[in-house]
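Participant: fold the following and give me the result.
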Amino acid sequence: MNAWKMVLKTGAGIPESPEMQALIKAGNYPDSKYVREGIMKLESALGTLEQGDFPLLHHWADGQYGREIFIRAGSLLVGKIHKHSHLNIISMGECTVITEFGLSRIKAPKTFVSQPGTKRALYAHTDTIWTTVHVTDKTTEAEAEEEIIAKDYAEYDELAFRRNLSLAMGCPLPSDVTKNE
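Facilitator: A predicted model of the protein is given here:
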């Protein structure tokens, strides 16, 4: 069975399967659209199951917002779509992560930058503490989340289109210019 179909069918632990590792070693990582669809299907399937408890702590500093989550060993979860690049700090644990940008096994301590548009599926091999740090002038969780999280890929793709076109033109775009025009 194709390893990606196995991810969609069964979920947990598949990133460690021999089939998945063979695909990655052969350089056959699927295109981003296929991975996005797979992560969204996994999220939908997980939504039908009993949800685990993932304690979330919020940290505020001048112009920064940190979200720290505790993930229990054996948990499989799907994160949100981030509009902007941001810091990730894994201070405890080990997990396997898949995004449209690749598959990796991460072991604490580890700090790295996520690309804009990142949405990840994660399997925690051990108890894990994962913190993201975002630049924002917002002062409430709801306002910060609205600024840093896209509701779906359509919203993110529109944002990315506007950002890239604005950079190419060297000026901000009028609000009525959209990707669909």
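Participant: what about A124, distance to K80?
Facilitator: 17 Å (C-beta to C-beta, to the nearest Å). (Glycine included, C-beta is placed from N, CA and C.)
Participant: do E50 as well
Facilitator: 20 Å.
Participant: and what of C95?
Facilitator: 17 Å.
Participant: about what we covered before: okay, A124 and K80: which has more neighbours?
Facilitator: A124 (21 against 16; other C-beta atoms under 10 Å).
Participant: residues in contact with the more buried one?
Facilitator: 71-76, 93-95 (C-beta atoms under 8 Å, 6 or more residues apart in numbering).
Participant: can you pull out the strands in this structure?
Facilitator: Using DSSP state E, the strands of the chain run over 56-61, 64-71, 76-78, 81-82, 86-92, 94-99, 102-107, 110-114, 121-124, 128-135, 149-150.
Participant: low pLDDT regions in this protein?
Facilitator: The chain contains residues with pLDDT under 70 at 1-31, 171-181.
Participant: mind doing that once more with 90?
Facilitator: 1-55, 75-77, 98-104, 115, 153-154, 156-181 (pLDDT under 90).
Participant: grab the most central residue of it for me.
Facilitator: K119 (2.4 Å; C-alpha atoms, centre = their mean).
Participant: and that one, how far from E43?
Facilitator: 8 Å.
Participant: between those two, which contacts overlap?
Facilitator: Common neighbours of K119 and E43 (C-beta under 8 Å, 6+ apart) are V78.
Participant: on that earlier part again, minimum distance to Y34: which of the strands of the chain has it?
Facilitator: Of all the strands of the chain, strand 94-99 sits nearest to Y34, with 11.5 Å by C-beta to C-beta.
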